[in-house]
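Trainee: Next come a sequence and a model predicted from it.
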Amino acid sequence: MSDIQNYIDSIEITDCSHHSQQENHFVNLISSQKLAIVPSFVLESGDVLYEVPVAFKTWGKLNAEGTNCLLICHALSGSADAADWWGPLMGPGRAFDPQRFFIVCLNSLGSPYGSASPVTWNPETQTTYGPEFPLTTVRDDVQIHKLVLQRLGVKHIAMAVGGSMGGMLVLEWAFDKDFVGTIVPIATSLRHSAWCISWCEAQRQSIYSDPHFKDGYYEPDEQPVCGLGAARMAALLTYRTKGSFERRFSRAAADTTRHPYPDHIPTPLSNNDARWVVHNEGNINRSERPARSSGVSTPTSDMSSSFSQPPSLLSRRQSNDVLRRPMNTYFSAQSYLRYQANKFVKRFDANCYISITRKLDTHDVMRDRADTLEQAMQAITQPALVMGIETDGLFTFDEQVEIVRLLKNGTLKSITSAEGHDGFLLEFDQVNSYILEFQKEHLQQFLSSPLVDEKNTEGGESLTTTRESVFGEMEDMASW
Ligand SMILES: CC(=O)SCCNC(=O)CCNC(=O)[C@H](O)C(C)(C)COP(=O)(O)OP(=O)(O)OC[C@H]1O[C@@H](n2cnc3c(N)ncnc32)[C@H](O)[C@@H]1OP(=O)(O)O
Ligand SMILES: N[C@@H](CCO)C(=O)O
């Protein structure tokens, strides 16, 4: 038996339970995934990781030849639970059909959802890695994921599919020509653009500027939530469009019955206090009182009793008897961003955010391969389906056109969406039908007869179980 086979055989596979990663509470957000423990792994940087967990989930059954693997690669904040964020694409007769394919999704290094990351245990230091987790690249993900797939018996990937960061992994997988049959990169890039690098930088700077960040040595329950929340707000804006926000929120006032002001609005002792409160509304690091405190301004006994009202809607006579006009300063669009930031800081870690955005920045299919993109891309010969979203301002449609231009055997499809980049996570029907069409053309051998019935997924997760989404679905916009 070869050394590499021995090595692959030494990878241990376990169920991922609460006890497997006691140090990492984020792992509990993902239901019934498995962990592969790779004894050691040399990263592209030269750093070595030991006892490396790789979280993954599977659906369906591997065929006897080991060739019906459909690999799904997740985006920045995704997890191995593809059914959670691409659920409508999974099921009999759909793009990800567990009766025909052995569907696998593996979690990327640096993510908090189970693979080695800042929130997992460093066996060398006997503590979590924190900010000392090494830089990992998309290529590192592909290499370590390949070891796990081989451990599961996969001999060949029939189709590799993913959006955004997932699409970067798909493009890197394509260079492994003997192992990967077809590719479906969506809303992604050949190299992380200056535009995207800059957005990532701005988001990291938000995190760094939070005093709770402490150079990354914060306690797990003392996350720099302001910085991380602000980073998610900025990122979310790049995932959507101006038109979508106009349609959803326009200039509507926030519904304070559903999204009230923070409950610690101080009672203003003066007009200056009151202005300061309005000025700082939404600043979750605000102190209880202005530094240049009361005493210098006119007392406003009339305001103090009613300041539990939204500060922006107060209508009171000031001491100079000028009637203040009620003026909204808290809009529905703001409550949406705050809500999303709040939701995100409960499910993601700040060091992991930095780790993954740095990984994105390193992405460049040319690196150490060729002097030009043209040369590098000559190596990719598999049939490819590239999808883009014309409203995507982050991974632009032009970038998808460029990918297809440089592919020998690529087809381009446009996902119609008003939502921008996130369209690949929201326009399920279009993504589903484009993939089915592509499979009919290039993967007919797997479509002819089902390998297993839906309930017999042999260790993989059944899709018939009712489950709750960790990440949420696009909700009914009309209700806001
Ligand atoms: C292929 C890949 O690799 S994908 C990567 C995977 N990524 C993930 O798995 C996570 C990424 N997920 C996402 O980015 C998102 O969940 C998406 C894009 C799938 C959908 O976005 P959502 O946030 O679920 O949808 P949407 O933008 O409509 O927001 C809805 C939420 O905002 C709330 N909301 C809507 N309007 C407002 C408002 N004005 N004020 C406050 N809250 C509001 C809703 O109540 C809803 O709350 P809920 O999530 O608790 O139900
Ligand atoms: N909404 C996606 C977009 C990143 O491509 C995520 O959070 O992962």
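Mentor: On my side now, so go ahead. Ligands and ions are numbered 1, 2, ... in the order given.
Trainee: C-alpha from now on. contacts and neighbour counts both.
Mentor: Noted.
Trainee: hmm, which helix or strand of this protein has the shakiest average pLDDT?
Mentor: Using mean pLDDT, DSSP states H and E, helix 301-304 stands out as the lowest-scoring helix or strand of the chain, at a mean of 36.
Trainee: Which is the succeeding secondary structure element to that one?
Mentor: Tracing the chain C-terminally past helix 301-304 and defining elements by DSSP states H and E, one meets helix 332-347 next.
Trainee: Tell me the buried residues in that following helix?
Mentor: By neighbour count with 16 or more other Cα atoms under 10 Å, helix 332-347 contains the buried residues 332-338, 340-342, 344-345, 347.
Trainee: Enumerate the residues of the chain near ligand 2.
Mentor: Along the chain, the residues adjacent to ligand 2 under the rule Cα under 6 Å from any ligand atom are 75-78, 164, 422.
Trainee: Quick check: which ranges of the chain have low pLDDT?
Mentor: 18, 262-264, 293-326, 453-460, 462-480 (pLDDT under 70).
Trainee: Would you mind giving the domain segments of it?
Mentor: Per the TED database, the structural domains of the chain span 1-190+365-456, 192-261+326-362.
Trainee: Need the winner for burial among those.
Mentor: For the domains of the chain, average neighbour numbers computed from mean count of other Cα atoms under 10 Å are highest in domain 1-190+365-456, which has a mean of 20.
Trainee: tell me what the longest strand seen in the chain is packed against?
Mentor: When every strand of the chain is counted residue by residue (DSSP state E), the longest turns out to be strand 48-59. Contacting strand 48-59 under the criterion 3 or more Cα pairs under 8 Å, 6 or more residues apart in numbering; DSSP states H and E are the following elements: strand 34-42, strand 102-106.
Trainee: among the buried residues of helix 332-347, which are in reach of ligand 1?
Mentor: The overlap between the buried residues of helix 332-347 and the neighbourhood of ligand 1 (criterion: Cα under 6 Å from any ligand atom) consists of 332-333, 335-336.
Trainee: Ligand 1 contacts on the stretch 151-300 of the chain?
Mentor: Counting by Cα under 6 Å from any ligand atom, the stretch 151-300 of the chain comes close to ligand 1 at 162-163, 166.
Trainee: Could you dump the residues you listed into a markdown table with secondary structure and distance to Lys155 added?
Mentor: Output for these, formatted as a markdown table (DSSP: H, G, I helix; E, B strand; the rest coil; distance: Cα to Cα, whole Å):
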| residue | secondary structure | distance to Lys155 |
| --- | --- | --- |
| Gly162 | strand | 20 |
| Gly163 | strand | 24 |
| Gly166 | helix | 21 |
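Trainee: which of those residues lies closest to Pro383?
Mentor: Set against Pro383, the nearest of those by Cα to Cα is Gly162 (15.2 Å).
Trainee: Spatially nearest residue to that closest one, not counting backbone neighbours?
Mentor: On the basis of Cα to Cα, 6 or more residues apart in numbering, the spatially nearest residue to Gly162 that is not a chain neighbour turns out to be Cys73, at 4.7 Å.
Trainee: so which helix or strand takes in Lys413?
Mentor: When elements are assigned from DSSP H and E, Lys413 belongs to strand 410-415.
Trainee: Is the helix or strand following that strand in proximity to ligand 1?
Mentor: Sequence-wise, the next helix or strand beyond strand 410-415 is helix 423-426, with elements assigned using DSSP H and E. Yes - Helix 423-426 is in contact with ligand 1 by Cα under 6 Å from any ligand atom, via Leu425.
Trainee: Show me how far helix 423-426 is from its chain's centre.
Mentor: Using Cα atoms, centre = their mean, to the nearest Å, the distance from the centre of helix 423-426 to the centre of the chain it belongs to is 12 Å.
Trainee: Just the CA atoms of it, as CSV, please.
Mentor: What follows is helix 423-426, C-alpha atoms only, in CSV (Å, rounded to 0.1, in the frame of the first residue of the first chain):
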residue,chain,number,x,y,z
GLY,A,423,-29.0,36.1,-6.0
PHE,A,424,-27.2,32.7,-6.1
LEU,A,425,-28.6,32.0,-2.6
LEU,A,426,-32.1,33.3,-3.4
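Trainee: State whether Arg405 is indeed within a helix.
Mentor: Yes - membership of Arg405 in a helix is supported by DSSP: H, G, I helix; E, B strand; the rest coil.
Trainee: gap between it and Ala235?
Mentor: Look at Arg405 and Ala235: by Cα to Cα, to the nearest Å, they are 28 Å apart.
Trainee: again, but for Pro39
Mentor: Counting by Cα to Cα, the gap between Pro39 and Ala235 amounts to 35 Å.
Trainee: And Gly78, by the same measure?
Mentor: Taking Cα to Cα as the criterion, Gly78 is separated from Ala235 by 14 Å.
Trainee: Thr120 too?
Mentor: From Thr120 over to Ala235 the distance is 25 Å, taken as Cα to Cα.
Trainee: partners of Ile186 in the sheet?
Mentor: The bridge-partner assignment for Ile186, based on DSSP bridges, gives Gly163, Met387.
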